[in-house]
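here is the input, now give the coordinates:
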Amino acid sequence: MDGMMGDMLDDDDDDEYEFETEEYAYAYTCEEPFRWEKPPPPRGDSRLCGLVNQGNTCYMNSLLQTLHLTPELRRGVYALSPAELHLPTPECPDPDPNTQRRILIALQGLFSRMQGDDIEATDTQELTSSFGAAFNVNQQEDLQELKVILMDSLASELEGTSARELLPSLFQGVYQNQIVVDPCAALPGGFTRNLADEVFTDVFVQVRGAPTLEAALRAKVTFDELSGANQWACDEAGGVKVDANKGVSFRKLPQLLCFTLMRFEMNWMVEPPTRSKITDEIAFPLVSCSSFLRAS
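Modelled structure (predicted):
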């Protein structure tokens, strides 16, 4: 979270920027909430609603568009009642503002504007403000890091609501590390050790050497051979070292499976070590993910 939160940049004296379009002129002032000087233009031929860039929030806008176009998530956010969000209701007209679920309130409002308002673009300032005053809209950050922070924040706010299982039901899968010993002199019947199940919400896959997402997934679930100097000391065989295979098995895949492409690698052979980006193309046609599940 260190990368996402930092000191706010000092405001310059001249902090108002004018934007001109063919039919509309509007101004954005950093010190004030976003205001259109004139009504925003309607949606274009795509019928989609864009998001205004506050400074360097294009990475965040990409994530929000993806989440908004996920109907299962959108419907779950809409289903939260004013009472659950600790907003004013006839039964409780003056709730404690400190108990309000600010991120969920902002996200519900943002999604409703993106879906229902006939406008070319809407702003995200209420949402970014709900993260706290230190959220720096002028600093480019990593989208995957933001996703983790946003999902953790939403999970925290969803506790105690009717939608507390919304995120696990959509994004949570289970994998398991395994060590498999084939039949050998030390263990004629072979042996499989299943380590503890681990929950995941993202699958990290290598881009290097993988022309397609399916190939990257195949590599992800391919076990490494432990042989020679790397043989495994097997407790079940009295500590005798045996050939084995070690790897990851998917036990349960989520309804919505998120992938993170590992496009950066470290070169430890130079001093100081350097990080470089892998620009290889990777195709991602639809694949049957059930083939990557390992039977118990």
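
can you confirm residue 245 is in a strand?
Yes. Applying DSSP: H, G, I helix; E, B strand; the rest coil, one finds residue 245 inside a strand.

check the gap between it and residue 209 for me.
20 Å (Cβ to Cβ, to the nearest Å). Where C-beta positions appear, they are placed from N, C-alpha and C, glycine not excepted.

the two - which one has more neighbours?
residue 245 (17 against 10; other Cβ atoms under 10 Å).

that one pairs with what?
Legend: beta-bridge partners of residue 245 under DSSP bridges are residue 180, residue 225.

any idea how far residue 182 is from it?
Per Cβ to Cβ, residue 245 is found 8 Å from residue 182.

ok, residue 231 next?
According to Cβ to Cβ, residue 231 and residue 182 sit 13 Å apart.

residues that sit against both of these two, list them.
243, 244 (Cβ atoms under 8 Å, 6 or more residues apart in numbering).

sketch out the low-pLDDT regions of this protein for me.
1-37, 294-296 (pLDDT under 70).

which stretches in it count as strands?
Applying DSSP state E to the chain gives strands spanning 16-20, 25-29, 50-51, 121-122, 173-181, 191-200, 202-206, 224-226, 232-234, 240-242, 244-252, 258-262, 264-267, 274-277.

nearest to residue 72, of these?
strand 258-262 (13.3 Å; Cβ to Cβ).

what packs against the closest one?
Packing partners of strand 258-262 (3 or more Cβ pairs under 8 Å, 6 or more residues apart in numbering; DSSP states H and E): strand 202-206.

show me the contact partners of the strand it packs on.
Contacts of strand 202-206 (Cβ under 8 Å, 6+ apart): 144, 147, 173, 213, 216-217, 219-220, 257-262.

kindly recompute the last result at 7 Å.
Contact with strand 202-206 is made by 216, 217, 219, 220, 257, 258, 259, 260, 261, 262, as judged by Cβ atoms under 7 Å, 6 or more residues apart in numbering.

mind checking which of those are buried?
Neighbour counting with 16 or more other Cβ atoms under 10 Å marks 216, 217, 220, 257, 258, 261 as buried within these.

the second one touches residue 292, doesn't it?
Just to be clear, that refers to residue 217. Yes. At 5.6 Å, residue 217 counts as touching residue 292 under the criterion of Cβ atoms under 7 Å.

and residue 122, how close does it get to residue 114?
Taken as Cβ to Cβ, the span from residue 122 to residue 114 is 6 Å.

overlap in contacts of those two?
With Cβ under 7 Å, 6+ apart as the test, residue 122 and residue 114 both reach residue 49.

one step back: I'd like to know which of the strands of the chain is closest to residue 158.
Comparing these by Cβ to Cβ, strand 191-200 comes nearest, at 16.2 Å.

list the residues that contact residue 239.
Counted by Cβ under 7 Å, 6+ apart, residue 239 has contacts residue 233.

how does it look with 10 Å?
186, 233 (Cβ atoms under 10 Å, 6 or more residues apart in numbering).

can you give the domain ranges for this protein?
Per the record, the chain has its domains at 16-169, 172-292, by automatic domain parsing.

quick one: end-to-end distance for the last one.
Separation of the first and last residues of domain 172-292 by Cα to Cα, to the nearest Å is 16 Å.

how far off centre is it?
Relative to the chain's own centre, domain 172-292 is displaced by 21 Å; criterion: Cα atoms, centre = their mean, to the nearest Å.

what about the helices in the protein?
58-68, 71-78, 102-116, 125-130, 143-158, 166-171, 213-220 (DSSP state H).

can you redo the ones you listed as a markdown table with distance to residue 270?
As requested, the helices of the chain are exported to a markdown table (distance: least, Cβ to Cβ, whole Å):
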| stretch | distance to residue 270 |
| --- | --- |
| helix 58-68 | 29 |
| helix 71-78 | 43 |
| helix 102-116 | 43 |
| helix 125-130 | 39 |
| helix 143-158 | 26 |
| helix 166-171 | 38 |
| helix 213-220 | 26 |
